[in-house]
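In: sharing a model prediction with you, sequence too.
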Amino acid sequence: MERANVKCRMCKIAPSFVPRENSVVAPMPKSVRSLARSNVRSSSSRNDIKMMPIGVPKVAYRVPGSQSADWVDIYNRLYRERIIFIGSEIDDELANQIIGVMLYLDSEDQDKPIYLYINCPGGSVISGLAIYDCMQHIKSE
């Protein structure tokens, strides 16, 4: 990988998720580099580019009774709406997390439904059956 040897000029437009070592911008993906170069050439007044960090998106959520909103990850926000999303390969660890969330939501209110969205390539059959068994066990629809 090549190192970017630009020091101060690129510091203003480097995304916040790019680690810096000794005031040198660490290597960025080609798409980010080309975007940064094109924006520097096209407009000198837009030197303060704000990019979303890579990772789990955050959304604003106001806890009932509080005056200000807090930033929570989107999956936490979906759990509060009784929505569970499986987006990766099902293994023992993920199955335990999903089962824990389903049991917690069922203990909070058995009359409200729990929505489970599955968008995954598959995984462990035993772990999938554990989730299925939990779905049969809980009283929520």
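Out: Happy to help now that I have it.
In: which one's the longest helix in the chain?
Out: As assigned by DSSP state H, the longest helix anywhere in the chain is helix 92-108.
In: contacting residues around it?
Out: 79, 82, 84, 86, 88, 114, 116, 123-124, 126-128, 130-131, 134-135, 138-140 (CB atoms under 8 Å, 6 or more residues apart in numbering). C-betas here are computed from N, CA, C, even on glycine.
In: restricted to buried residues, select these in PyMOL.
Out: In PyMOL syntax, the buried subset of these is picked out as below (16 or more other CB atoms under 10 Å):
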select buried, resi 79+82+84+86+114+123+127+128+130+131+134+140
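In: show me the contacts of helix 92-108 that map onto strands.
Out: Among those, the residues falling in strands (DSSP state E) are 84, 86, 116.
In: re earlier: kindly export the longest helix of the chain (C-alpha atoms) in PDB.
Out: Extracted in PDB, the C-alpha atoms of helix 92-108 (Å, rounded to 0.1, in the frame of the first residue of the first chain):
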ATOM      1  CA  ASP A  92     -23.700 -19.700  18.300                       C
ATOM      2  CA  GLU A  93     -22.800 -16.200  19.500                       C
ATOM      3  CA  LEU A  94     -25.300 -14.500  17.300                       C
ATOM      4  CA  ALA A  95     -28.000 -17.000  18.200                       C
ATOM      5  CA  ASN A  96     -27.500 -16.400  21.900                       C
ATOM      6  CA  GLN A  97     -27.800 -12.700  21.400                       C
ATOM      7  CA  ILE A  98     -31.000 -13.000  19.300                       C
ATOM      8  CA  ILE A  99     -32.500 -15.400  21.800                       C
ATOM      9  CA  GLY A 100     -31.600 -13.100  24.700                       C
ATOM     10  CA  VAL A 101     -33.200 -10.100  23.000                       C
ATOM     11  CA  MET A 102     -36.400 -12.200  22.100                       C
ATOM     12  CA  LEU A 103     -36.700 -13.400  25.700                       C
ATOM     13  CA  TYR A 104     -36.200  -9.900  27.100                       C
ATOM     14  CA  LEU A 105     -38.800  -8.400  24.700                       C
ATOM     15  CA  ASP A 106     -41.200 -11.100  25.600                       C
ATOM     16  CA  SER A 107     -40.800 -10.500  29.300                       C
ATOM     17  CA  GLU A 108     -41.400  -6.800  28.800                       C
END
